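Asker: Mind looking at a prediction? Sequence and model below.
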Amino acid sequence: MPQLPTMSKRTIASFFNKVPGESASKKPRLSPPLVPDAPPTAHPSYPHPIASLPTSLLTLFDASPPPAPRIITKPDLSIAHYNHFFPQSTARQLYLFLRRSLPFYRVTYTIRRDSLDTTVRTPRYTTVFGVDAHSYFSDDDARTLLDSKTHKAVSGDRYRGCVCPPRPIPACLEVLKNLVERETGDTFNFILVNYYASSADSIAYHSDDETFLGPNPTIASLSLGTTRDFLMKHKSDKTQTLKLPLTNGELLVMRGATQRKWLHSIPKRTATTTGTWTSGGRINITFRNGRSPACTQNYYRYNVGAGPVYRWHDARDEMVLHTEINSDNTNQDVPAAVTVAATSVDAGTAAAEVTDIPSISAAPNTTNQPADGELDVAP
Ligand SMILES: O=C(O)CCC(=O)C(=O)O
Ligand SMILES: [Fe+2]
């Protein structure tokens, strides 16, 4: 395990910039303006503008660099575990902010399995931002998609197969990405967000080792909100298992052979956590580095899909269709005229329904396979 750099005290401005010499990439970076309570990030690919972090939260980030991580060692596994990447109160505010600011999806899709068309219902809310290394978003307000080599506009062909155009990382998540990059020394171009609304939401055993992430990918994973068990098991050595109850503000950095050799999951639980500040929910944010357009296509298909947008409704204390967000919510940045297409996922042809297969490893051309017995067949 290489020595991990530790985070030193710094100014708010530094959260928007890279450590000098850290990045090999010469491409311009998104630099959110350093004004108090900056305006939301808007982009034609977004269903609504996405609020920027309040300055009060940025100040909290500045106040407390995380303690050094615990290094977990097991065969073929390399994990740096930051018990308190963010202090409780900071993580709590971040959780509440992101839950009410991001667009979420409940993705349904059809796969061919055992010669049957099978409808898969992802048992959690998801969303994704970013684009693979072949492209990047311009640094100006337009945030145009540019080719990483020629720095010219990307041709329409490159992402033709995507369910939606790639989305630039909004300022509020760019700040988190920069914090994680500074701490880990890695760079990431994708942010995937899961929202587990209750203990019934889950992700089945899978590994994030698709070829489009390259060999031995580093994946950083931030947990906010309700504590959930993160279970790991070695793919071939059944004696090797690991259980980490991930609490509010924890960061896992998985490296080396971890994805190739181990599976991980967040299982459903029967206990219900209600009446707390989390409302029983948990946000997980993973930072990844996608190498090719196949990654972009896969991530948007399985984390945005073709269905409707959901947003958090403060008064109702639950996710609701974006179209239901109105003036009784405190999410006032949603233009009333915005409409979303109804789901175009056709479940009618399905001969069977399942929930929770390894969602992002279900696409063609991936090396992942569902672990035996991990599919939950819907009743
Ligand atoms: O929620 C978590 O901690 C894990 C999420 C995960 O494994 C994934 O999104 O690939
Ligand atoms: Fe995963």
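Answerer: Sure thing, it's come through. What you see is a predicted model; the values in this text were computed from it and never measured. Ligands and ions are numbered 1, 2, ... in the order given.

Asker: pLDDT score assigned to the closest residue to residue 54 other than its chain neighbours?
Answerer: Using Cβ to Cβ, 6 or more residues apart in numbering and skipping the chain neighbours, the partner closest in space to residue 54 is residue 37 (5.7 Å). Where C-beta positions appear, they are placed from N, C-alpha and C, glycine not excepted. At residue 37, the model reports a pLDDT of 75.

Asker: Residue 37 and residue 56, how far apart?
Answerer: Relative to residue 56, residue 37 is positioned 9 Å away (Cβ to Cβ, to the nearest Å).

Asker: before we move on, the earlier item: spit out the contact partners of the residue nearest to residue 54.
Answerer: Applying Cβ atoms under 8 Å, 6 or more residues apart in numbering to residue 37 gives the contacts 52, 54-55.

Asker: do residue 41 as well
Answerer: 32, 49-50, 52, 168, 170-172.

Asker: what's across from it in the sheet?
Answerer: When assigned by DSSP bridges, residue 41 has beta-bridge partners residue 50.

Asker: Looking at the contacts of residue 37, which one is closest to residue 187?
Answerer: residue 52 (22.0 Å; Cβ to Cβ).

Asker: pretty sure that closest one contacts residue 174?
Answerer: No: counting by Cβ atoms under 8 Å, residue 52 sits too far from residue 174 to count as a contact (9.6 Å).

Asker: Just want the residue of the stretch 51-200 of the chain that's nearest ligand 1.
Answerer: residue 194 (5.0 Å; Cβ to the nearest ligand atom).

Asker: what do you get for the stretch 251-379 of the chain?
Answerer: Taking Cβ to the nearest ligand atom, the stretch 251-379 of the chain has residue 284 as its residue nearest ligand 1, at 3.1 Å.

Asker: Quickly note the distance from residue 258 to residue 74.
Answerer: 9 Å.

Asker: who's the residue nearest in space to the middle of the chain bridged to?
Answerer: Centroid check for the chain by Cα atoms, centre = their mean gives residue 192 as the closest residue, at 1.7 Å. In this entry, residue 192 is beta-bridged to residue 128, residue 286, by DSSP bridges.

Asker: ok, now which ones touch it?
Answerer: Residue 192 neighbours (Cβ under 8 Å, 6+ apart): 126-128, 285-286, 288, 299, 303, 360.

Asker: Then residue 197?
Answerer: So residue 197 contacts 124-125, 280-281, 318-319 (Cβ under 8 Å, 6+ apart).

Asker: And it, its phi and psi?
Answerer: phi -70, psi -30 (degrees, to the nearest 10).

Asker: Quick check, pLDDT for it.
Answerer: Residue 197 is given a pLDDT of 97.

Asker: One more: residue 246?
Answerer: So residue 246 comes in at 98 (pLDDT).

Asker: ok, now residue 65?
Answerer: 81.

Asker: tell me which parts of the protein are close to ligand 1?
Answerer: 192, 194, 203, 208, 221, 223, 230, 246, 264, 266, 284, 286, 360 (Cβ under 6 Å from any ligand atom).

Asker: Tell me which of the contacts of residue 41 fall in strands.
Answerer: Among these, no residue falls in strands (DSSP state E).

Asker: Pipe the residues you listed into a markdown table and attach pLDDT and distance to residue 68 per row.
Answerer: What follows is these, written out as a markdown table (pLDDT from 0 to 100; distance: Cβ to Cβ, whole Å):
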| residue | pLDDT | distance to residue 68 |
| --- | --- | --- |
| 32 | 47 | 29 |
| 49 | 95 | 38 |
| 50 | 96 | 32 |
| 52 | 94 | 30 |
| 168 | 98 | 33 |
| 170 | 97 | 30 |
| 171 | 95 | 29 |
| 172 | 96 | 27 |
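
Asker: Now intersect these with the helices, please.
Answerer: Taking DSSP state H as the definition of helices, the contacts of residue 41 contribute 171-172.

Asker: could the contacts of residue 41 go into JSON lines alongside neighbour count?
Answerer: As requested, these are exported to JSON lines (neighbours: other Cβ atoms under 10 Å):
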{"residue": "32", "neighbour count": "18"}
{"residue": "49", "neighbour count": "17"}
{"residue": "50", "neighbour count": "24"}
{"residue": "52", "neighbour count": "24"}
{"residue": "168", "neighbour count": "22"}
{"residue": "170", "neighbour count": "25"}
{"residue": "171", "neighbour count": "20"}
{"residue": "172", "neighbour count": "23"}
